[in-house]
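Here is my input; please provide its structure:
(2 chains)
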Amino acid sequence: MANIPCLDGRTVAADLSAALGLPVWVYNDADCFALAEALLGAGVGIARFSVRGDPGHGGRRRSRAGRTHRDGAGGFAGEWGHGPAVNGAVAPWLDCGCGLQGCLDTVGGARGIERLHRHLAGEEVTSLPCWNAGAPVTPPPGSHGGGGLGRCAERATAMVLNVTGASAVPVGGGLSNAPDLIARLDEAVRGAGAAAGGGPVLRVAELTVEPGLVAAHWPARRRSGVADIRLEVCVTTADSLAAAVAGRADRIELCAALDRAGLTPSPGAMRAAAGCARPVFALIRPRPGISSSRTTTSP
Amino acid sequence: MLADIAAARDAGLAGVVLGASRPDGRLDARVLSALGHAAEGMGRTLHRAFDLVPDLGEALAWPWSWGSSGS
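Next up, the predicted model:
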């Protein structure tokens, strides 16, 4: 496992299932991000759609049925963050965590942008200044592919769009904090020959709070085979309340202190949650409870 | 807890999630009745206190006069 070496050799779903006594399915985070954006974010109303995550991983195209394509020969499909795609005339092919070289992942994420900046400008900076206008990785306004990142990635990305027919590519992760860079990358990619419509294709992702968690329960509900599962989500903050509603929770349990299995929320939190579009139930539990003889955890 | 239920009602929330356990883990019927009465007209649900009772059959047989509004 390229990004999580500690999971090598483990059967995560089976181990968790044994520990919890419940069925467990494991989904790719980029798949879940893609589903969330497709069904609730930038993909609403769009038939075909691809996602670029940070660091550059996670191209997953969805179908009209709201499912990701995972039926490739290796058990996945739509992966365009990994593969020999970087324009070698601009930057050297760097080793990628996936075991290949020259992946878009090696230049597209925060660490990749820093490496690219080091190569092009000969200076060490954190990724944020690289994203500002004028830095070597950034294409100057009005010139297609004038900057390093654009020139590294524009052709491969344009080809991906031509093959998939994707008409929206939400950019998530850290890169979503750099709308100017995304706009210039979009300009570069379309200038490189992407057969897209008139408007922007690369765009800032719309779901900013845990989009993967928002969508992860959809495929699980489908695979569970139970038609009517109602989803209740425990929340403690305005952000988590908004994420639960966006993720189609049927009911909200408003709590404080989930690290103590939940306590009574403040009257202010109750008032703030009152306008929610879903029924909100307040947990009435003033203190952590007793330990039952049937379990070692507190109720 | 009664004041907390009143706060939830005043805030306009749809319901409350209640529980009260005796030291042996059984549900405290007297306290639960009082809490349920205070939340009359709101959705009422039991929290994990119910999951952790020593005898689920006894807990299920309890006369839940405040009805059920879901899990």
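
Identify the residue nearest the geometric centre of chain A.
A:Phe33 (3.9 Å; Cα atoms, centre = their mean).

give me phi/psi at that one?
Backbone geometry at A:Phe33, expressed as degrees, to the nearest 10, gives phi -60, psi -40.

repeat for B:Gly19
The phi/psi pair for B:Gly19 (degrees, to the nearest 10) reads phi -170, psi 150.

do you know how far A:Ser167 is from chain B?
Going from A:Ser167 to chain B by Cβ to the nearest Cβ, to the nearest Å gives 40 Å. C-beta: built from backbone N, CA, C; applies to glycine.

helix or strand for that residue, which one?
Assigned by DSSP states H and E, A:Ser167 falls within no helix or strand.

What is the neighbour count of it?
Applying other Cβ atoms under 10 Å in any protein chain shown, we find 16 residues neighbouring A:Ser167.

Wait, it touches A:Val201, no?
Yes: contact criterion Cβ atoms under 8 Å: A:Ser167 and A:Val201 qualify, at 6.6 Å.

With adjacent residues omitted, what lies nearest to the residue most central in space within chain B?
Geometric centre of chain B, nearest residue: B:Leu18, 3.6 Å, by Cα atoms, centre = their mean. If the residues on either side of it in the chain are set aside, B:Leu18 comes closest to B:Leu35, at 4.8 Å by Cβ to Cβ, 6 or more residues apart in numbering or on different chains.

Wait, the one you found touches A:Ile284, no?
Yes: counting by Cβ under 8 Å, B:Leu35 does reach A:Ile284; the two are 6.9 Å apart.

if we can go back for a sec, would you enumerate the residues in contact with the residue nearest to the centre of chain B?
Listed by Cβ atoms under 8 Å, 6 or more residues apart in numbering or on different chains, the contact partners of B:Leu18 are A:Ile284, B:Met1, B:Leu32, B:Leu35, B:Gly36, B:Ala39, B:Arg44, B:Thr45, B:Leu46, B:His47.

let's go with 10 Å and repeat that
A:281-285, B:1, B:4-5, B:31-32, B:35-36, B:38-39, B:44-47, B:49-50, B:66 (Cβ atoms under 10 Å, 6 or more residues apart in numbering or on different chains).

Same question for A:Leu40.
A:Glu206, A:Leu207, A:Pro211, A:Val214, A:Ala215, A:Ala246, A:Gly247, A:Arg248.

returning to what we had before: out of B:Leu35 and A:Ile284, name the residue with the larger neighbour count.
A:Ile284 (25 against 21).

okay, now the closest residue to chain B within the stretch 1-150 of chain A: neighbour count?
Residue of the stretch 1-150 of chain A nearest chain B, by Cβ to the nearest Cβ: A:Gly21 (12.7 Å). For A:Gly21, the neighbour count with other Cβ under 10 Å is 7.

hang on, the earlier thing: need the overlap of contacts for B:Leu35 and A:Ile284.
In contact with both B:Leu35 and A:Ile284: B:Met1, B:Leu2, B:Asp4, B:Ile5, B:Val16, B:Leu18, B:Gly19, B:Ala20, B:Arg44, using Cβ under 10 Å, 6+ apart.

Would you map the helices across the stretch 1-150 of chain A?
Under the criterion DSSP state H, counting those that start in this stretch, helices of the stretch 1-150 of chain A are mapped to A:12-20, A:29-40, A:105-108, A:110-121, A:127-131, A:148-164.

repeat for chain B
B:2-11, B:29-38, B:56-61 (DSSP state H).

Show me which positions of the shortest one end up buried.
Of the residues in helix B:56-61, B:Ala59 count as buried by neighbour count, 16 or more other Cβ atoms under 10 Å in any protein chain shown.

ok now that helix, how far from the chain's centre?
Distance of helix B:56-61 from the chain centroid (Cα atoms, centre = their mean, to the nearest Å) equals 14 Å.

Need the pLDDT of B:Arg9.
With respect to pLDDT, B:Arg9 scores 97.

which ones are touching it?
A:Met270, A:Ala282, B:Gly15, B:Val16, B:Ala38, B:Ala39, B:Glu40, B:Gly41, B:Met42.

check contacts around B:Gly19.
Neighbouring residues of B:Gly19 by Cβ under 10 Å, 6+ apart: A:283-285, A:289, A:299, B:1, B:27-28, B:31-32, B:35, B:45-52.

Show me the shaky parts of chain A.
A:1-3, A:43-78, A:127-147, A:195-197, A:226-228, A:289-299 (pLDDT under 70).
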